[in-house]
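[1] just coords:
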């Protein structure tokens, strides 16, 4: 909610926050922020996101000889920091001679820029795949080995909950609601936003 207020004007920004008396928010961090800036005058309710566990569930049918796969998913926009995902793949290639593959699922305005970064770092299509958008994200989650979220900021990203529901280990930046349901080194991993720290976390999985 903080980002929306800062980035928008009129009814989509601070004015839009001041008008309603009730708010239902899916992020504990945003709940705390809303209470703070309204000085406790707004009624704010926390409603956590839900996951369809009939759709998002583990499917342990990995093909023999398949390469270890890192998955990133979301809008190809600045806040998601897919550049860090690409950088860590290049670091893995340099140190382990291409023993892992990355897949980015999603569309957005930075697609061409990210593909240029891929080429600059000499990652082949077998080392980094741009899969585009999908209406069936669980297919990728069920075949991957690690899900990685590199965002600079988030609310309560459903894609992380969905990945966990598919039995996929998650490595994510410590942003938004993530620290409320990911316990570092217990049911997932949190990294400090630096590519080297992300690399070290991947080695722990």
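    Good, I have the coordinates. Note that the coordinates shown come from a computational prediction; the quantities given were computed from them, not determined experimentally.
[2] list the contacts of the spatially most central residue of the chain.
    For the chain, residue 149 is the residue whose C-alpha lies nearest the centre (CA atoms, centre = their mean; 3.1 Å). Contact analysis of residue 149 by CB atoms under 8 Å, 6 or more residues apart in numbering lists 72, 74, 157, 159, 160, 170, 171, 172, 173, 178. Where you see a C-beta, it was placed from the backbone N, CA and C, and this is true even at glycine.
[3] most neighbours among these, which one?
    In terms of neighbours by other CB atoms under 10 Å, the contacts of residue 149 top out with residue 72 at 28 neighbours.
[4] could you double-check that it lies in contact with residue 114?
    No - between residue 72 and residue 114 there is no contact under CB atoms under 8 Å: 10.3 Å.
[5] any chance of a markdown table for the contacts of residue 149, columns secondary structure and pLDDT?
    Putting the contacts of residue 149 into a markdown table (DSSP: H, G, I helix; E, B strand; the rest coil; pLDDT from 0 to 100) gives the following:
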| residue | secondary structure | pLDDT |
| --- | --- | --- |
| 72 | strand | 98 |
| 74 | coil | 96 |
| 157 | coil | 90 |
| 159 | helix | 96 |
| 160 | helix | 96 |
| 170 | strand | 97 |
| 171 | strand | 98 |
| 172 | strand | 97 |
| 173 | strand | 96 |
| 178 | helix | 91 |
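[6] any stretches of the chain with poor pLDDT?
    Flagging of the chain using pLDDT under 70 yields the residue ranges 1-18, 61-65, 98.
[7] picking that back up, dump the contacts of residue 149 to JSON lines, plus distance to residue 186.
    Formatted as JSON lines, the contacts of residue 149 follow (distance: CB to CB, whole Å):
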{"residue": "72", "distance to residue 186": "22"}
{"residue": "74", "distance to residue 186": "24"}
{"residue": "157", "distance to residue 186": "19"}
{"residue": "159", "distance to residue 186": "20"}
{"residue": "160", "distance to residue 186": "15"}
{"residue": "170", "distance to residue 186": "12"}
{"residue": "171", "distance to residue 186": "13"}
{"residue": "172", "distance to residue 186": "13"}
{"residue": "173", "distance to residue 186": "17"}
{"residue": "178", "distance to residue 186": "13"}
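[8] looking at those residues, spot the one nearest residue 24.
    residue 157 (17.5 Å; CB to CB).
[9] how close does the closest one get to residue 176?
    Here the criterion is CB to CB, to the nearest Å. By it, residue 157 lies 7 Å from residue 176.
[10] shared neighbours, these two?
    What both residue 157 and residue 176 touch, as defined by CB under 8 Å, 6+ apart, is the set residue 151.
[11] which other residues reach the longest helix along the chain?
    Determined from DSSP state H, the single longest helix within the chain is helix 82-96. For helix 82-96, contacts defined as CB under 8 Å, 6+ apart pick out 70, 72, 74, 76, 98-100, 102, 104, 110, 114, 117-118, 121-123, 127-128, 148, 150, 193, 195-196, 198-199, 202.
[12] just stretch 126-139 next, same as before
    With contact meaning CB under 8 Å, 6+ apart, stretch 126-139 is reached by 55-57, 73, 86, 89, 93, 98, 100-107, 111, 114-115, 118, 140, 159, 162, 166.
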